[in-house]
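Peer 1: I would like to see how this sequence folds:
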Amino acid sequence: MSASRPFRFGVNSVTTSRADWEDTARKAEALGYDTLIAQDHFGNQLAPVPSLVAAATVTSHLRLATLVLDNDFRHPALLAKEAATLDVLSEGRFELGLGAGWLQADYTKTGLPFDSPAVRVARLSEAVQIIVSLLSSADPLNFKGVHYQIDNLEPLPRPVQRPRPPLMLGGRQRRMLGVAARQADTVGLSLLDPRGPGLPSPPSFAQKVAWVREAARDRFDHLELHVNASLVQVTDHPSDAEIERVATRTGQTRAQVLASPGTLIGSVDTIEETLLARREEFGVSYYVVQGRVMDDFARVVARMKER
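Peer 2: Model (predicted):
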């Protein structure tokens, strides 16, 4: 990249308790995190959009993000209206994260059709065009696509942020990462590995970044690259048991777990070196950690704000 993008850090919290959610929002802001994350599944969690509205009422500058909304759960016209409303209610702090959908259990339990990746990504690509237009233009929208049709829809309310709230698109395969590279402000590089027996190994992280770079072309230097940090230990004495547990669960070797961009283990100095090296090699500057490690990781956040 032509210049090193400043680091950003977010907190992902899953709860069904108002008190816990609001406490997490307040603490994330006080500890210096940049974003509070709400995810989008039909599990034991609060719904993302009203959750972020609630978080906005107990914070003043913490940004509020979805990571990521499943496009198949909402019509893009409705989502654009909700996104604009959330941006208004948060006074311009909303970041819209959107994906094509990946957790088949969400579809099975709700009866939604789990179409092929090609269909889901094509539908998402149309949705992004609609949402971006409704959030960034004051003119009525007409859109005729394969999956969506919009007839003279006025984009109201207008969001606070201009030209629109930032857009994150996340994915793990070439087709989806290409859409993200061409249309998003932030590209979420998924480390999920939904392999089954007989399926090929997933692409390497370097390969994913290369796909983004190829699709983005001149946009690449302006993109923010994101990773979910799923294994975090800020300590001089890492837990071998936890590393082995993750290796067993994911079918990886210990070395593969330690080399994963989603692993941040060691002292503050060690993690700082890791983050700087990954930013230099891959351009990754935005990390999201789980709420259970936010206190320990805050020491890293404070350090990296200087870098």
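
Peer 1: The one residue sitting closest to the centre of the chain and residue 306, how far apart?
Peer 2: Relative to the mean C-alpha position of the chain, the nearest C-alpha, by C-alpha atoms, centre = their mean, is the one of residue 67, at 3.8 Å. For residue 67, the distance to residue 306 (C-beta to C-beta, to the nearest Å) stands at 25 Å. Where C-beta positions appear, they are placed from N, C-alpha and C, glycine not excepted.

Peer 1: Tell me where the longest helix sits in the chain.
Peer 2: Criterion DSSP state H: the longest helix present in the chain is helix 117-136.

Peer 1: For that helix, list the C-alpha coordinates in PDB.
Peer 2: Extracted in PDB, the C-alpha atoms of helix 117-136 (Å, rounded to 0.1, in the frame of the first residue of the first chain):
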ATOM      1  CA  PRO A 117     -23.100 -19.000  -3.800                       C
ATOM      2  CA  ALA A 118     -23.300 -17.500  -7.300                       C
ATOM      3  CA  VAL A 119     -27.000 -16.600  -6.800                       C
ATOM      4  CA  ARG A 120     -26.500 -15.200  -3.300                       C
ATOM      5  CA  VAL A 121     -23.500 -13.100  -4.400                       C
ATOM      6  CA  ALA A 122     -25.300 -11.800  -7.500                       C
ATOM      7  CA  ARG A 123     -28.300 -10.800  -5.300                       C
ATOM      8  CA  LEU A 124     -26.000  -9.100  -2.900                       C
ATOM      9  CA  SER A 125     -24.300  -7.200  -5.700                       C
ATOM     10  CA  GLU A 126     -27.700  -5.800  -6.800                       C
ATOM     11  CA  ALA A 127     -28.600  -5.000  -3.200                       C
ATOM     12  CA  VAL A 128     -25.400  -3.000  -2.700                       C
ATOM     13  CA  GLN A 129     -26.100  -0.900  -5.800                       C
ATOM     14  CA  ILE A 130     -29.600  -0.100  -4.400                       C
ATOM     15  CA  ILE A 131     -28.400   0.600  -0.900                       C
ATOM     16  CA  VAL A 132     -25.500   2.800  -2.000                       C
ATOM     17  CA  SER A 133     -27.800   4.800  -4.300                       C
ATOM     18  CA  LEU A 134     -30.400   5.300  -1.600                       C
ATOM     19  CA  LEU A 135     -27.800   6.400   1.000                       C
ATOM     20  CA  SER A 136     -25.800   8.700  -1.200                       C
END
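
Peer 1: which residues are contacting that helix?
Peer 2: Helix 117-136 is contacted from outside by 71-72, 76-77, 79-81, 83-84, 96, 98-101, 115, 141, 143, 145-148, 150, 153, 155, 159, 163-165, 167, 169, 171, 173, 175-176, 179, 183-184, using C-beta atoms under 8 Å, 6 or more residues apart in numbering.

Peer 1: So the residue nearest to the centre of the chain sits against residue 12, correct?
Peer 2: Yes: using C-beta atoms under 8 Å, residue 67 is in contact with residue 12, at 6.7 Å.
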